[in-house]
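Student: give me coordinates for this.
(4 chains)
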Number of protein chains: 2
Amino acid sequence: MIPDTHVDAETALDHSPAGHKDDLRLWLRMLSCARLIEAEIRRRLRARFDTTLPRFDFLAQLERAAEGLTPGEISRRMMVTGGNVTGLAARLEEEGLIERRAVREDRRAVTLRLTPQGRREFARQTAAHEEWVAELLGGLSATDRAALLRLLDRTRRGVRAAMSEGGA
Amino acid sequence: MIPDTHVDAETALDHSPAGHKDDLRLWLRMLSCARLIEAEIRRRLRARFDTTLPRFDFLAQLERAAEGLTPGEISRRMMVTGGNVTGLAARLEEEGLIERRAVREDRRAVTLRLTPQGRREFARQTAAHEEWVAELLGGLSATDRAALLRLLDRTRRGVRAAMSEGGA
DNA sequence: AGAAGATAGTTTAGGCTTCAAGTTTTCAAG
DNA sequence: CTTGAAAACTTGAAGCCTAAACTATCTTCT
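Tutor: Numbers count the residues shown, from 1 in each chain, chains lettered A, B, ... in the order given. Below is the predicted model of the structure:
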């Protein structure tokens, strides 16, 4: 395997106050771990379904909304900008996986929903996706999985707290 | 805060064999956690230094190599394609942060190294970067940090093992 | 030496992403 | 009603990223 940026980086930069270095180490390790998995999933989505992670995420949002969603709502849920949604929607519509429908009570808005073909396609993709993840994470014991889940949740809450303090 | 895709997704999709759902849950949580931190760091790099994470990573590679690196070496270390390095290098050179130098013994190759300005600029950026990470992760106890570090390492090893088995 | 194959780097086409600016429609006051 | 602000969405420019094709150089084998 190719040496990893962030692993290597863990052994650099040590002209720092107190526990700063440990935090950096932790962050770089989390990042490298997440990127490793994400890159593999992207590769497989491309290889087996000729699609991408953003497209997959987009369909996943629609799958869970029987009535369809507006671009604005998708933008909020996926945490991406509106312009991004416009582009993704255009390509997915072009491929016949989603369809646009005018909203009666607001002529600015539109709802996007899965076509039957889109629903079928997503079902295939999500089944494979779930197996891939299980395959990649299968090495962890149930105990480790549970501990990791809890620690990540704690981390996420801490980060959000720090962001809402400092970001004010 | 805006509801998070992957948090929501944790409560969906449950037509699955054995522990698959737990793995998916774990993966989505890790992803959302990493993305949350990464997005904040990108925002700050842009706001305070008018730069990006890929540029920062690129300079970090060069900082640790006194003799400079070839594009190919950077490509391997950053785990990105060669074409990507070409583009990043062009912009960083344009900005005066790095310089190209011909390699005497191989006329195909070139080495990239930091300019004095690049070195100064990176020093400023990396100091801030380290503080940001410490600020964001500061909420975790030393115990949690250590446990997380260990679990992530175990996870990464498991993933690599799974990839070299299945990917053969 | 000369051909074949490998390696270093660039280029090109296309998708993803953001930010900023623009259009259309709605809503809220006056 | 009409005017002005806000909201929904799109567009355009620029950077990031990949895969594939391409150029130039090096290496190896005969």
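Student: what's the neighbour count on the residue nearest to A:E121 when sequence neighbours are not counted?
Tutor: By the measure of Cβ to Cβ, 6 or more residues apart in numbering or on different chains, the closest residue to A:E121 outside its immediate chain neighbours is A:L97, 5.9 Å from it. To be clear about C-beta, it is placed using only N, CA and C from the backbone, and glycine gets the same treatment. Close neighbours of A:L97, defined as other Cβ atoms under 10 Å in any protein chain shown, add up to 22.
Student: can you give me the strands in chain A?
Tutor: All strands of chain A, identified by DSSP state E, fall at A:98-102, A:110-114.
Student: right, so of those strands, which gets closest to DNA strand C?
Tutor: Shortest distance between DNA strand C and the strands of chain A, using Cβ to the nearest atom of the strand, is found for strand A:98-102: 9.9 Å.
Student: pairing partners for the closest one, with directions?
Tutor: strand A:110-114 (antiparallel) (DSSP bridges).
Student: buried ones in the partner strand?
Tutor: Buried positions in strand A:110-114, judged by neighbour count with 16 or more other Cβ atoms under 10 Å in any protein chain shown: A:T111, A:L112, A:R113, A:L114.
Student: for that strand, give the mean pLDDT please.
Tutor: Averaged across strand A:110-114, the pLDDT comes to 97.
Student: need the residues that contact it.
Tutor: Residues outside strand A:110-114 that contact it (Cβ atoms under 8 Å, 6 or more residues apart in numbering or on different chains): A:59, A:62-63, A:65, A:67-71, A:74, A:89, A:93, A:97-103, A:122.
Student: now, of these, which are buried?
Tutor: Buried subset of the contacts of strand A:110-114 (neighbour count, 16+ other Cβ under 10 Å): A:59, A:62-63, A:68-71, A:74, A:89, A:97-99, A:122.
Student: pLDDT added to those residues, as CSV?
Tutor: Shown next, in CSV, are the buried ones among the contacts of strand A:110-114 (pLDDT from 0 to 100):
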residue, pLDDT
A:L59, 98
A:L62, 98
A:E63, 97
A:G68, 96
A:L69, 98
A:T70, 97
A:P71, 98
A:I74, 98
A:A89, 98
A:L97, 98
A:I98, 98
A:E99, 97
A:F122, 98
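Student: just the residues you listed now: which is nearest B:R48?
Tutor: Of all these, B:R48 sits closest to A:I74, with 30.3 Å by Cβ to Cβ.
Student: for DNA strand D, tell me which of the buried residues of strand A:110-114 show up nearby.
Tutor: Within the set of the buried residues of strand A:110-114, contact with DNA strand D (Cβ under 7 Å from any atom of the strand) is found for A:T111.
Student: give me the subset of the buried ones among the contacts of strand A:110-114 lying in helices.
Tutor: Taking DSSP state H, the ones among those that sit in helices are A:L59, A:L62, A:E63, A:P71, A:I74, A:A89, A:F122.
Student: once you drop chain neighbours, what's closest to the last one?
Tutor: Put plainly, it is A:F122. Closest residue in space to A:F122, ignoring its immediate chain neighbours: A:L59 at 4.3 Å, by Cβ to Cβ, 6+ apart.
Student: that neighbour and B:W27, how far apart?
Tutor: Applying Cβ to Cβ, to the nearest Å, the value for A:L59 to B:W27 is 18 Å.
Student: burial count for A:A162?
Tutor: Using other Cβ under 10 Å, A:A162 is surrounded by 19 other residues.
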